[in-house]
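[1] coords please:
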Amino acid sequence: MRKRKKDHSDVNSVLLRRSVQKWFPLFILPTFLCFIIGFIWPFLQGIYLSFCNFNTPKDAKWVGITNYIKAFSDPSFGKAFWNTAAFAAVSIVVINVLAFAIAFALTQHMKGANLFRTVFFMPNLIGGVVLGYIWQMIFDAILKQYNTYITANATYGFWGLVILVAWQQIGYMMIIYIAGLQAVSGDMLEAAKIDGADGWKTLFHVTIPNIMPTITICTFLTLTNSFKLFDQNMALTGGNPIITMADGSKLKMTEMLALNIYSTYNINKNWHGVAQAKAVVFFVLVATLAIIQLSATRNKEVQQ
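    Residues are numbered from 1 along each chain as shown. Take a look at the predicted model:
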């Protein structure tokens, strides 16, 4: 009678699990230390410095909430906030609607779809500063015939930034939407067709509800990217045009929050702490909005 071979898979699985449980702290330690050194410590130090006057972190002097009072009383900070909020609202809609529309078209078995995906994604590979200067030349060439330029008018600068960022990011969001659309069950779409649903009904009642996780990701990315916009803003408009208020203060009409923090730091050394306070407020603002957005869209996923 042939002897039955003993199955060692369970024994090996238990031994492997024990080894992983025993040694995983050793392997995770380098990554954890890098995270502490590269993120946690600078983050905590940044919060501390927001309550100090400093030129370098070593000569920081505690001043309490003075920096936050100056930050919130700075009219340029409020102007930059509303510029950023308006830009984020417009960009989220424009980028996600166009990215979804392109992704939907490219998943309809059209010829040359792979080529179009590559072409639409390529702008995302170009740095923001380079794009800013390129688009500045393009816009100025177009506006030259009207005897104006991109930084002469706040409206031109705002919509120029929207066009630039949309052109850069639509391709990236398109790839994410394509992945989500390809994951929708073909049987579900076929069932909707058999039940008599036309293309629009299938889109709004079957396709979109089933890609809500993808919409959550893309909305989160466009929201955070819009609020963190810096290099494109600096290269395209630099915050210009500038207007002088009645009290003598100057406001940059197309300056976003990140650029405003950078500009504040470079005023003089006495404003380094104010810039750091603005950075902390900026972090809290972006984190809060991102959490609210994730909660709202994930609730939609559950409902669906």
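
[2] separation between I126 and L221?
    For I126, the distance to L221 (Cβ to Cβ, to the nearest Å) stands at 18 Å. No exception for glycine: its C-beta is placed from N, CA and C like everyone else's.

[3] all strands of the stretch 101-250 of the chain, in order?
    For the stretch 101-250 of the chain, applying DSSP state E, counting those that start in this stretch gives strands covering 242-244, 250-252.

[4] Need the ones you listed in a markdown table (columns: mean neighbour count).
    Compiled in a markdown table, the strands of the stretch 101-250 of the chain are given as follows (neighbours: other Cβ atoms under 10 Å):
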| stretch | mean neighbour count |
| --- | --- |
| strand 242-244 | 11 |
| strand 250-252 | 17 |
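
[5] Go through those and name the closest to P213.
    Each of the strands of the stretch 101-250 of the chain has some distance to P213 by Cβ to Cβ; the shortest is strand 250-252, at 38.3 Å.

[6] Touching that closest one from outside, list them.
    Residues outside strand 250-252 that contact it (Cβ atoms under 8 Å, 6 or more residues apart in numbering): 75-76, 79-80, 238-245, 259-260, 263.

[7] From the residues you listed, which one has the minimum pLDDT?
    When these are compared by pLDDT, M245 scores lowest at 80.

[8] OK, contacts around that residue?
    75, 251.

[9] quick one: low-confidence ranges for the stretch 1-150 of the chain?
    The stretch 1-150 of the chain contains residues with pLDDT under 70 at 1-12, 14-16.

[10] do you know which of the strands of the stretch 101-250 of the chain lies nearest G171?
    strand 250-252 (29.6 Å).

[11] Could you list every helix and strand in contact with the next helix or strand after that closest one?
    Downstream of strand 250-252, the first helix or strand assigned by DSSP states H and E is helix 257-265. Applying 3 or more Cβ pairs under 8 Å, 6 or more residues apart in numbering; DSSP states H and E, one finds that helix 257-265 makes contact with helix 75-106, helix 231-236, strand 250-252, helix 272-303.

[12] Just the buried ones among the contacts of strand 250-252, please.
    Listed as buried from the contacts of strand 250-252 are 76, 79-80, 238-241, 259-260, 263; burial here means 16 or more other Cβ atoms under 10 Å.

[13] so which of those comes closest to S19?
    Nearest to S19 among the buried ones among the contacts of strand 250-252 is L259, at 51.0 Å by Cβ to Cβ.

[14] Contact partners for that closest one?
    80, 230, 233-234, 238-239, 252.

[15] Excluding chain neighbours, give the residue nearest to it in space.
    What sits nearest to L259 in space, not counting adjacent residues and going by Cβ to Cβ, 6 or more residues apart in numbering, is N233, at 4.9 Å.

[16] got it, and A290?
    T224 (5.7 Å).

[17] which stretches of the stretch 101-250 of the chain form helices?
    Taking DSSP state H, counting those that start in this stretch, the helices of the stretch 101-250 of the chain run over residues 113-121, 128-143, 154-182, 186-194, 199-202, 208-210, 212-227, 231-236.

[18] hey, which of those is tucked in deepest?
    When the helices of the stretch 101-250 of the chain are scored by mean count of other Cβ atoms under 10 Å, the highest mean neighbour count falls to helix 231-236 (a mean of 22).

[19] who does that one touch, helix- and strand-wise?
    Packed next to helix 231-236, using 3+ Cβ pairs under 8 Å, 6+ apart, are helix 128-143, helix 154-182, helix 257-265.

[20] Can you name the residues in contact with stretch 126-145?
    Under Cβ under 8 Å, 6+ apart, the answer for stretch 126-145 is 123, 149-150, 152, 156, 160, 163-164, 167-168, 230-237.

[21] cool, stretch 177-184 as well?
    99-100, 102-104, 106-107, 117, 206-207, 210-211, 213-215, 218.

[22] Residue ranges in the stretch 201-304 of the chain under the pLDDT threshold?
    Ranges of the stretch 201-304 of the chain meeting pLDDT under 70: 301-304.
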